[in-house]
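[1] need a 3D model of the sequence below.
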Amino acid sequence: MPGYQRLKSLGIFRDADQNAKSAFQSVEYYLKASQLASPSKSGQFADGKPRVGIFILPDGVKEGMLEDVCLAAVQSSVEMTCVDQYFQCLAATAQKQPRHLSKARVHAWLSSQIEPDKRLAEAAAAGYISLGKVKHLI
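    I've put the predicted structure just below:
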């Protein structure tokens with residue numbers, strides 16, 4: 001890639017999904033195959049050119065994904081009571097839950113906002129989600 005040699009730092013974010021350790025090992029494998037330094041654990045940078053950081057979401061240890069970080073940021077919002085009731089109703093009435101409940105809960109919360117058609121990144125950029133509240137997670 002043109003200009004790659006001028007790169008000073010590289011941060012890699014990946015969902016843990018079901019296993020944070022496996023997710024980290026997967027990123028580590030590809031970094032080594034690309035002859036790039038790898039930190040010893042999530043949330044750290046390895047010295048090298050470029051410096052490389054790996055961040056496994058939601059916290060480097062638990063299973064989960066970016067949406068879990070976002071849910072933690074909005075958990076105390078008044079809309080989350082309605083979101084939780086909605087999914088409880090679905091479970092009781094329809095006897096089913098979405099395969100990726102965290103993603104579905106984020107989408108339900110986003111739909112409760114003034115501009116309900118924003119995607120997650122757009123909602124964060126618009127200030128709907130304050131990730132500063134959960135900075136300690138990542």
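
[2] name the spans of the protein whose pLDDT lies under the cut-off.
    The model of the chain has pLDDT under 70 over residues 133-138.

[3] mind listing the strands for it?
    With strands called from DSSP state E, the chain shows them at 9-15, 44-46, 51-57.

[4] single out the most deeply packed of those strands.
    strand 51-57 (a mean of 22; mean count of other CB atoms under 10 Å). Any C-beta I mention is one placed from the backbone N, CA and C, and that applies to glycine too.

[5] between it and strand 9-15, how big is the angle?
    Using axes from the mean of the first three to the mean of the last three CA atoms, to 10 degrees, the direction of strand 51-57 lies 20 degrees away from that of strand 9-15.

[6] other SSEs contacting strand 51-57?
    Applying 3 or more CB pairs under 8 Å, 6 or more residues apart in numbering; DSSP states H and E, one finds that strand 51-57 contacts strand 9-15, helix 20-33, strand 44-46, helix 66-74.

[7] report the strands that pair with the shortest one, each with its relative direction.
    Paired with strand 44-46 in the same sheet, following DSSP bridges, are strand 51-57 (antiparallel).

[8] quick one: the spatially most central residue of the chain from residue 75, how far?
    Centroid-nearest residue in the chain: residue 66, 1.4 Å away (criterion: CA atoms, centre = their mean). Distance, residue 66 to residue 75, using CB to CB, to the nearest Å: 15 Å.

[9] and what of residue 84?
    For residue 84 relative to residue 75 (CB to CB), the value is 10 Å.

[10] go on, residue 4?
    Residue 4 is 39 Å from residue 75, by CB to CB.

[11] so for these two, which sits in the more crowded spot?
    A count of neighbours by other CB atoms under 10 Å puts residue 75 above the other of residue 4 and residue 75, at 14 against 8.

[12] so how far is residue 121 from that one?
    From residue 75 across to residue 121, the span is 20 Å (CB to CB).
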